[in-house]
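[1] Sequence and predicted model, in that order:
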Amino acid sequence: MSTVKDPSYHQLPEKDSSESAEEEYLIESNRVRPSKVVGKSTLFYAILLVSSLLSNLFLIVQLSNPASRRNGAQSDEMRTPFAGLVRDTEMVLEKTYVFENETEHNEFWENINVDAGLVALSDEWVREHGLQLGQRFPWDDTKGIYVLEGFHSMHCLKSIHDALTKLKAKRRPIYTWDHIMHCMDSIRKNIMCEASDLPLYSTPGEDPELGIGEVKQCRSWEALTAWSHEHTACYRLINETDAHMDRLERYKFCPEGSPYIERVREVFGDRTGVE
Ligand SMILES: *[C@@H]1O[C@H](CO)[C@@H](O)[C@H](O)[C@H]1NC(C)=O
Ligand SMILES: *[C@@H]1O[C@H](CO)[C@@H](O)[C@H](O)[C@H]1NC(C)=O
């Protein structure tokens, strides 16, 4: 399944992930105490060791508690609360690539796959994470359907691209005017929530470019996609233009080994999307 392929977007080496930052934090808090000690008796050292172990244990318990995680170590603060993503991926801002060939340009946008935006999450997990219950997932009544916001925004941008392209060609866009306006508003809110403070330098001249060559620290779209696959809703946005299609048809694409395959077979027989 292909998602956005952007040549300027690549993963950083492992060592920069906050996993190791978290380890460092633990080591740091260990380091300070014993070095200050000048005690003489073994008993003293024994007490010290025990108390150090206890405080480590306390720290570990704190770190594994989702509530304190949010106020805890800096690295944890920077982790997203649901998929646990960190800004471990660099994006180099390059000059906006303008396709010479309009057909190829449109294909680029159409080929951005947003199927992974739909996930099935268990009610238990959802309650633990302070979310509201979603519409029931067809193959497991203890799960709800959720749309990951990043993928929703990507869907919206695709819809806007489709609408502009079709209007230019005097053809009918896939989505209604109201849907496009909803999408614009949704992206606006995303931008405001992100409130990016990155100063983009301007090149000299009459027609300046912004931020060319600057490097951004980003979360990984691949990592988000991988997290989505772990919570697959067996979803594919097939027959996007067909408003009358049975929506269940879109939930029959379970990956191999999925626990829902039997349920899907009961409904669709051999017409499942299982490969
Ligand atoms: C644009 O690209 C398509 C597919 O790659 C090709 O079939 C078409 O001839 C190209 N059009 C022009 C004007 O170059
Ligand atoms: C959906 O589209 C596929 C082709 O991509 C077509 O074979 C199928 O009949 C369509 N299904 C419905 C319900 O329209």
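    Happy to help now that I have it. Ligands and ions are numbered 1, 2, ... in the order given.
[2] host element of residue 190?
    Following DSSP states H and E, one finds residue 190 within helix 177-194.
[3] Report the next helix or strand after that helix in sequence order.
    strand 215-218.
[4] neighbouring strands for that following strand, and are they parallel or not?
    Using DSSP bridges, strand 215-218 pairs in its sheet with strand 89-92 (antiparallel).
[5] Residue 197: how many residues sit nearby?
    Burial measure for residue 197: 5 neighbouring residues, criterion other CB atoms under 10 Å. Where C-beta positions appear, they are placed from N, C-alpha and C, glycine not excepted.
[6] now residue 170: how far from residue 237?
    With distances taken as CB to CB, to the nearest Å, residue 170 is found 25 Å from residue 237.
[7] Which one's more surrounded, the two?
    Neighbours of residue 170 and residue 237, each counted by other CB under 10 Å, are more numerous for residue 237; the result is 12 against 6.
[8] Provide the secondary structure category for the more buried one.
    In the three-state summary, residue 237 is assigned as coil, counting by DSSP: H, G, I helix; E, B strand; the rest coil.
[9] Identify the residue nearest it in space, chain neighbours excluded?
    Residue nearest to residue 237 in three dimensions, not counting chain neighbours: residue 115, with 5.7 Å by CB to CB, 6 or more residues apart in numbering.
[10] contacting residues around that neighbour?
    Contacts for residue 115 (CB atoms under 8 Å, 6 or more residues apart in numbering) come out as 1, 235-237, 253.
[11] Next, count neighbours for residue 180.
    Here the count is done by other CB under 10 Å, and residue 180 has 19 residues near it.
[12] do the one 10 residues further on as well
    The local packing of residue 190 (other CB under 10 Å) involves 14 other residues.
[13] okay but it is in contact with residue 153, surely?
    Yes - the pair residue 190 and residue 153 qualifies as a contact (CB atoms under 8 Å) at a distance of 5.2 Å.
[14] quick check, nearest of the contacts of residue 115 to ligand 1?
    residue 1 (22.1 Å; CB to the nearest ligand atom).
[15] quick revisit: quick one: contacts of the helix holding residue 190?
    Against helix 177-194 from outside (CB under 8 Å, 6+ apart): 149, 152-153, 155-157, 159-160, 163, 173, 175.
[16] Among the residues you listed, name the ones in helices.
    Those of these mapping onto helices are 149, 152-153, 155-157, 159-160, 163, per DSSP state H.
[17] show me where this structure has helices.
    Using DSSP H, the helices found in the chain span residues 18-35, 42-64, 66-71, 74-77, 102-110, 123-128, 149-168, 177-194, 221-230, 261-268.
[18] worst average pLDDT in those helices?
    Mean pLDDT per stretch puts helix 18-35 lowest among these, at a mean of 34.
[19] next one: stretch 213-221 to chain centre, how far?
    How far stretch 213-221 lies from its chain's middle: 14 Å, per CA atoms, centre = their mean, to the nearest Å.
[20] how long is that stretch from one end to the other?
    End-to-end distance of stretch 213-221: 20 Å, with CA to CA, to the nearest Å as the criterion.
[21] quick one: the residue nearest to residue 237 and residue 253, what's the gap?
    Between residue 115 and residue 253 the computed distance is 8 Å (CB to CB).
[22] now do residue 166
    Residue 166 sits 27 Å away from residue 253, going by CB to CB.
[23] So between those two, which is more surrounded?
    Neighbour tally, residue 166 and residue 253, criterion other CB under 10 Å: the higher count belongs to residue 253, 20 against 15.
[24] how about that one, what does it touch?
    Per CB under 8 Å, 6+ apart, neighbours of residue 253: 115, 234-236, 272-274.
[25] any idea how far the closest residue to it other than its chain neighbours lies from ligand 2?
    Setting aside the residues directly before and after it, residue 253 is nearest to residue 273 in space (CB to CB, 6+ apart), at 3.4 Å. Here residue 273 is placed at a distance of 11 Å from ligand 2 (CB to the nearest ligand atom, to the nearest Å).
[26] swap in residue 202?
    Distance, residue 202 to ligand 2, using CB to the nearest ligand atom: 46 Å.
[27] what about the residue of the stretch 51-200 of the chain found nearest ligand 1, how many neighbours?
    When scored by CB to the nearest ligand atom, the stretch 51-200 of the chain has residue 101 as its residue closest to ligand 1, at 3.7 Å. Residue 101: 8 surrounding residues under other CB under 10 Å.
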